[in-house]
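Participant: With the sequence up front, the predicted model follows.
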Amino acid sequence: MKKAIAAGYIWPGRYTEGQSVYEPWYAQEYPQEVIDSPDDEVILEPNKNYTLVIDYPLDNPAKFNVETGKNGMTRREFANFSTQAYRKVYESPEVYGVWGHEIYDLTIHTLYIDENTITLGVDS
């Protein structure tokens, strides 16, 4: 069964490692969601291996191994990981067949977990 987890709002082209996944405007407009979904909440179980599949906006999906470690992975740690993965993809756009959007156009908003595979909900 596929499980959806809120990622916050991660902009791979603008995200700086360690920053909040909620921009200041978002926290002001939707304070309860920020309180209910903090950056340091563990969203991926401890001691698990996942495959992160990045398929948008790509003709050839990219796959990355995600190891959660003994403490699991927090929303902020996942933001760091997924941002680095997207940047690697955009370093070789011809390999992955990047089309239609620059990295600065993308916003990751949801993780979809199906057994050991993570796909992303991405808006542009």
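Facilitator: Here it is on my side, so go on. Remember, it's a predicted structure, so these values are computed and weren't measured experimentally.
Participant: With adjacent residues omitted, what lies nearest to the residue nearest the centre of the chain?
Facilitator: Geometric centre of the chain, nearest residue: residue 82, 4.4 Å, by Cα atoms, centre = their mean. Among residues not flanking residue 82 along the chain, residue 108 sits closest, at 5.9 Å (Cβ to Cβ, 6 or more residues apart in numbering). Yep, even glycine has a C-beta here, placed from its N, CA and C like the rest.
Participant: got it, and residue 3?
Facilitator: Excluding the flanking residues, the one nearest residue 3 by Cβ to Cβ, 6+ apart is residue 113, at 4.6 Å.
Participant: got a list of what that neighbour touches?
Facilitator: 2, 3, 4, 5, 44, 50 (Cβ atoms under 8 Å, 6 or more residues apart in numbering).
Participant: Residue 19 is in contact with residue 83, correct?
Facilitator: No: here residue 83 lies out of contact with residue 19, judged by Cβ atoms under 8 Å, at a distance of 9.9 Å.
Participant: Tell me the first helix or strand C-terminal of the lengthiest helix in the chain.
Facilitator: Taking DSSP state H as the criterion, the chain has its longest helix at helix 75-91. Next in sequence after helix 75-91, counting helices and strands by DSSP states H and E, comes helix 93-96.
Participant: ok so, going back, can you list which of the contacts of residue 113 are found in strands?
Facilitator: Secondary structure defined by DSSP state E assigns 3, 4, 5, 44, 50 of those to strands.
Participant: Most widely separated two among those?
Facilitator: Using Cβ to Cβ, the ones in strands among the contacts of residue 113 span at most 14.7 Å, a distance reached by 4 and 50.
Participant: Tell me which of these two has more neighbours.
Facilitator: Taking residue 4 and residue 50 together and counting by other Cβ atoms under 10 Å, residue 50 has the greater number of neighbours (20 against 10).
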